[in-house]
Structure formats: C-alpha cells, structure tokens
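Peer 1: sequence first, then the predicted structure, then my questions.
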Amino acid sequence: MIKYIDSYDFFACQLDNQRCRLLALPWEDVLVAHILPRLPLMQLFDLQRVSKRFRALIRLFFTKRTTFELVGHHVPKVAFFSLVKDNNVLRKLLLESCSSWLTDNDLLPVVSRNPRLQTLDLSGCNGLTRHALVAVSLTCVHLRHLAVARCDFVDGPSLRSLADHCGELRSLDLSGCCRLTDATICYLAKKCVRLTFLSLAVNENITDESVEDVAKNCRGLEHLDLTCCLRVRDVSIRTVAEYCPKLQSLKVKHCHHVTESSLEPLRKRKVLIDVHPPPRRDRLSLAVDCGPYVNIQPLSARLLPSGLNADPLRAHMNGPAKVSDPWKNHPSFPPVMPHLQSPSHLLTLHPSCLVLALRCSSSPSLWSL
C-alpha cells in the first residue's frame, strides 16, 4: 500500500532493481481497485502530469469511481469537470466544497449521466435554483440520502417534486430552508414514509402540525432535528414519543416551548436529547440572612437537664402549655426562639421540642432541616 509520494520519479523508475514496474501491474484489478483509492485527491491530479500513461491511468480511475467526497477541499471548477466528465456510475456525490461556484449548468450534466445516484450533498450551494432540485428528483429516482441545508432555492414546489419521485428517501437534511412551511412538510411526510433521519432545524415556520404528521407517517424515524424551531411545543413531542418507537436521538435546543414533561418519557427510553434535564433538589435548605449556624435535632430524654422530667415537654407537644416552661430560666441554654418556619410556612418548631446547638460564625446562616 502506498501512503505517500515523495516524487514523481518514484513512479517513473523501475522498482526493486528493475524487477517490476508499477504500470505493469493490472490497471483495473490492482491499481484502480486497491492502490489509487488510497492516495489523496491532489496527488492524483499531480500524477496526471508524470506521463501520458499515468494520465490515462488516472482518467480510467475517475471513470470507474463510484464515490466523490469533495469535503474539506476547495475544488476548482476545472478540476471538478476533469473528475466527473466521463463518469456514469456515480453512487455518492458530496459537493459542499463546490458551493462557491456550482450552478445549474455545472450540476445538471453530471446528474443526467448518473441516474443511479443514491447520495447527494448540496449543502450551502446557493448558486443553484429550484430547477436543479427538480431535475435531481426526476432523474435520480433511487435517491436515498439528500442534504440541501442552508439552500435558499429549496421551496414548496421543488420539495413536492422530490416527494413525488423519490419515495425511497431515508435521510433528508432541510436545515435552514426557511421557505418551507407546514403544508410542504406534511406533504413530504405522507410521500416519504421510509425516512429515518430528518432535519427541520432553524425554521420558524415549522409548528406542531408538521412534527405530528412526520411522527404519524414516518414511524421508522430514528433521528429528528428540531433545533431552533421556536413554534414547536410539548404536544408534538409527545406525539413523536408515541408514534416513533425506534427514535434514537432528538434535538430540541432553543425550542423554548418544549419542557421536561414531554422529554422525560423519551429519556426513560434512552433517547439521546441535546437538552440536559433540570437539576433535582435532594434536600431542603432555608437561608437566613443573619445569626449563627443552627443545627436542629430531636430531643431525647437523656439530654434533659437534671431535675426535669418529660411530662412538661409532652404537655407542650400536645398543645398550648399551661404550666411553666422548664427551659425558661435554665442557665445552660440561650434565650429561646418562639417559632421557626419553613419556606412554605407549614412547619412550626417550638423550643420545648428541640435542642438548639449554636455555633457562632460571621458568614450568613443556614438552617438545615
């Protein structure tokens, strides 16, 4: 396996002391099938300039190639045409890196020669028009994966054409396609019932009506992206939970009307959600602005001062005391506080029922119940 090319002379010279030449290897069975696919794209372009035979080899490789993933590279228009001009067996074409110059005139000839295309990524290609998407839908009827994120040309008529002719769609990315409305998404959901991935992110036109129709018709849905769909509410999320048992991930970030009440059933099913659950409060604390730290503990009989019995204490617990308070003048305890209340004002603590252990501190006080 060749991992890196140091110079063009490496291919022009004989290998292993003139016992073998690279071009003497079988082209289609060895070079095209196993060696050239491991080389970077830019080196393949440079390799064409070594000799006429290498140029013929690279052209054969591009002609037989079924996948072009032009991601992360700025591909000039001339290079793109040299890649695909003779190819009619494409199955996967990712053109996001061509978004700066790609137009209908550049794309339509490629689409017309490759009717068996199954995966197409046109994300951000705003040089195209609705006619390009209509042409794709009419030609590539076996299309399974389509990404048109951030494409302003995607509108109701072009998406309806896609839904009518590409019923085998499994994945559809419509993120940022702000011209789409509920009516179009509902039409799509009824036609493309095999969808497993759908993104409607960053579209303020999407409401509960769209989400509910998608859930009821696309019951094999596994991934749903509703990020920044500001009009989506809990009612549609509950419908998704009810009708989509295979759901694996749900994105509802910045959907301010979606609350934990609709997300909790999905969390119990181990569905990945991009919104964290609210924190739980395991203990109740009451902050007091002034005073020392106070720990409140139940009174036990062994803590009573000598000479006192529990009968006056029981009298205080059963109701208003008519006898004198045994703690009133006892020197071991500070002055009593008549009542302590919880934040809900439902709990009243009487000093005769508690032992107060005080610890002075300069920081704000905390009553722990």
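Peer 2: Alright, I've got the coordinates. Owing to the predicted nature of the structure, the values given are computational and were not obtained by experimental measurement. Numbering: from 1, shown residues only.
Peer 1: need the per-residue pLDDT for the closest residue to Ala183 other than its chain neighbours.
Peer 2: Among residues not flanking Ala183 along the chain, Gly156 sits closest, at 7.1 Å (C-beta to C-beta, 6 or more residues apart in numbering). For every residue, glycine as well, the C-beta is placed using N, CA and C. On pLDDT, Gly156 comes in at 95.
Peer 1: how far away is Gly156 from Asn203?
Peer 2: The span separating Gly156 from Asn203 equals 13 Å under the rule C-beta to C-beta, to the nearest Å.
Peer 1: need the overlap of contacts for the two.
Peer 2: Shared contacts of Gly156 and Asn203, defined by C-beta atoms under 8 Å, 6 or more residues apart in numbering, comprise Leu180.
Peer 1: who's more crowded, these two?
Peer 2: When Gly156 is set against Asn203 and neighbours are counted by other C-beta atoms under 10 Å, the residue ahead is Asn203, at 24 against 16.
Peer 1: part of a helix, is that one?
Peer 2: No: assigned with DSSP: H, G, I helix; E, B strand; the rest coil, Asn203 falls outside any helix and is coil.
Peer 1: which residues does it contact?
Peer 2: Contact analysis of Asn203 by C-beta under 8 Å, 6+ apart lists 174, 176-178, 180, 228-229.
Peer 1: for those, name the two members farthest from one another.
Peer 2: Distances among those were taken as C-beta to C-beta; the most separated pair is Leu180 and Cys228, at 14.0 Å.
Peer 1: quick check: Asn217 vs Pro157, distance?
Peer 2: Using C-beta to C-beta, one obtains 21 Å as the distance from Asn217 to Pro157.
Peer 1: helix/strand/coil for Arg150?
Peer 2: Taken by three-state DSSP, the conformation at Arg150 corresponds to coil.
Peer 1: can I assume it is in contact with Cys178?
Peer 2: No: using C-beta atoms under 8 Å, Arg150 and Cys178 do not qualify as a contacting pair, with a distance of 9.5 Å.
Peer 1: which one's more surrounded, the two?
Peer 2: Neighbours per residue, other C-beta under 10 Å: of Arg150 and Cys178, the larger number sits with Arg150, 20 against 15.
Peer 1: distance check, the more buried one against Arg160.
Peer 2: From Arg150 over to Arg160 the distance is 20 Å, taken as C-beta to C-beta.
Peer 1: domains in this protein, by residue range?
Peer 2: Partitioning the chain according to automatic domain parsing yields domains covering residues 1-64, 66-273, 285-368.
Peer 1: Leu93 belongs to a helix?
Peer 2: No: secondary structure of Leu93 (three-state DSSP): strand, not part of a helix.
Peer 1: where along the protein do the helices fall?
Peer 2: Across the chain, reading from the start of the chain, the helices by DSSP state H fall at 9-12, 41-47, 52-64, 77-84, 104-113, 130-139, 156-165, 182-191, 208-217, 234-243, 260-268, 311-318.
Peer 1: can I get these in JSON lines including distance to Gly124?
Peer 2: As requested, the helices of the chain are arranged in JSON lines below (distance: least, C-beta to C-beta, whole Å):
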{"stretch": "helix 9-12", "distance to Gly124": "37"}
{"stretch": "helix 41-47", "distance to Gly124": "20"}
{"stretch": "helix 52-64", "distance to Gly124": "24"}
{"stretch": "helix 77-84", "distance to Gly124": "16"}
{"stretch": "helix 104-113", "distance to Gly124": "14"}
{"stretch": "helix 130-139", "distance to Gly124": "14"}
{"stretch": "helix 156-165", "distance to Gly124": "17"}
{"stretch": "helix 182-191", "distance to Gly124": "21"}
{"stretch": "helix 208-217", "distance to Gly124": "23"}
{"stretch": "helix 234-243", "distance to Gly124": "28"}
{"stretch": "helix 260-268", "distance to Gly124": "31"}
{"stretch": "helix 311-318", "distance to Gly124": "74"}
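Peer 1: quick one, which of the ones you listed is packed in tightest?
Peer 2: For these, the stretch with the most neighbours on average is helix 208-217, a mean of 21; neighbours defined as mean count of other C-beta atoms under 10 Å.
Peer 1: about what we covered before: which one of the helices of the chain lies nearest to Leu23?
Peer 2: When the helices of the chain are ranked by proximity to Leu23, the top entry is helix 52-64, at 5.7 Å, counting by C-beta to C-beta.
Peer 1: run the angle between the closest one and helix 77-84 for me.
Peer 2: Angular relation of helix 52-64 and helix 77-84 on a 0 to 180 degree scale: 80 degrees, by axes from the mean of the first three to the mean of the last three C-alpha atoms, to 10 degrees.
Peer 1: send me helix 52-64 as CSV with only the CA atoms.
Peer 2: The C-alpha trace of helix 52-64 is given here as CSV (Å, rounded to 0.1, in the frame of the first residue of the first chain):
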residue,chain,number,x,y,z
LYS,A,52,0.8,10.1,-20.9
ARG,A,53,0.3,6.6,-19.5
PHE,A,54,-0.2,7.9,-16.0
ARG,A,55,-2.8,10.4,-17.4
ALA,A,56,-4.6,7.5,-19.0
LEU,A,57,-4.5,5.6,-15.7
ILE,A,58,-5.9,8.5,-13.6
ARG,A,59,-8.7,9.1,-16.2
LEU,A,60,-9.6,5.4,-16.0
PHE,A,61,-9.7,5.6,-12.2
PHE,A,62,-12.0,8.7,-12.2
THR,A,63,-14.2,7.0,-14.8
LYS,A,64,-14.7,3.9,-12.7
